[in-house]
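Asks: I would like the atomic coordinates for the input below:
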Amino acid sequence: MSRRRLALIFGNDNYGGDKQLTSCVKDARDMESKLRSV
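Replies: Coordinates of the predicted model:
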């Protein structure tokens, strides 16, 4: 029997602070793609 699995993935490039983040959204999308293929 197959069970449905859920994952909550956040990718936020607009973090407050001194250091600018640039690839969080891309990384989250990559993780989504990887998890869907499992």
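Asks: nearest residue to the residue nearest to the spatial centre of the chain other than its sequence neighbours?
Replies: With distances taken as Cα atoms, centre = their mean, Ala28 lies nearest the centre of the chain, 2.1 Å away. In space, Ala28 comes closest to Gly11 once its chain neighbours are excluded; the distance is 2.7 Å by Cβ to Cβ, 6 or more residues apart in numbering. C-betas here are computed from N, CA, C, even on glycine.
Asks: relative to Val38, how far out is that neighbour?
Replies: Separation of Gly11 from Val38 (Cβ to Cβ, to the nearest Å): 19 Å.
Asks: for Leu6, give its distance to Arg36.
Replies: 12 Å.
Asks: for Gly16, same thing?
Replies: Per Cβ to Cβ, Gly16 is found 31 Å from Arg36.
Asks: ok, now which ones touch Ser37?
Replies: Under the criterion of Cβ atoms under 8 Å, 6 or more residues apart in numbering, Ser37 has no contact partners.
Asks: swap in Asn12?
Replies: Leu21, Cys24, Val25.
Asks: one more: Arg29?
Replies: Gly11 are the contacts of Arg29 under Cβ under 8 Å, 6+ apart.
Asks: now with 10 Å?
Replies: Each residue near Arg29 by Cβ atoms under 10 Å, 6 or more residues apart in numbering is listed here: Ile9, Gly11.
Asks: same check on Lys26?
Replies: Lys26 makes contact with Gly11, Asp13, according to Cβ under 10 Å, 6+ apart.
Asks: now Ile3. Its backbone dihedrals?
Replies: Quick fix: residue 3 reads Arg, not Ile. Arg3 adopts backbone torsions of phi -110, psi 150, taken as degrees, to the nearest 10.
Asks: hang on, the earlier thing: with neighbour numbers in mind, choose between Gly16 and Arg36.
Replies: Arg36 (8 against 5; other Cβ atoms under 10 Å).
Asks: all the helices of the chain, residue numbers only.
Replies: Here the chain has its helices, by DSSP state H, at 24-36.
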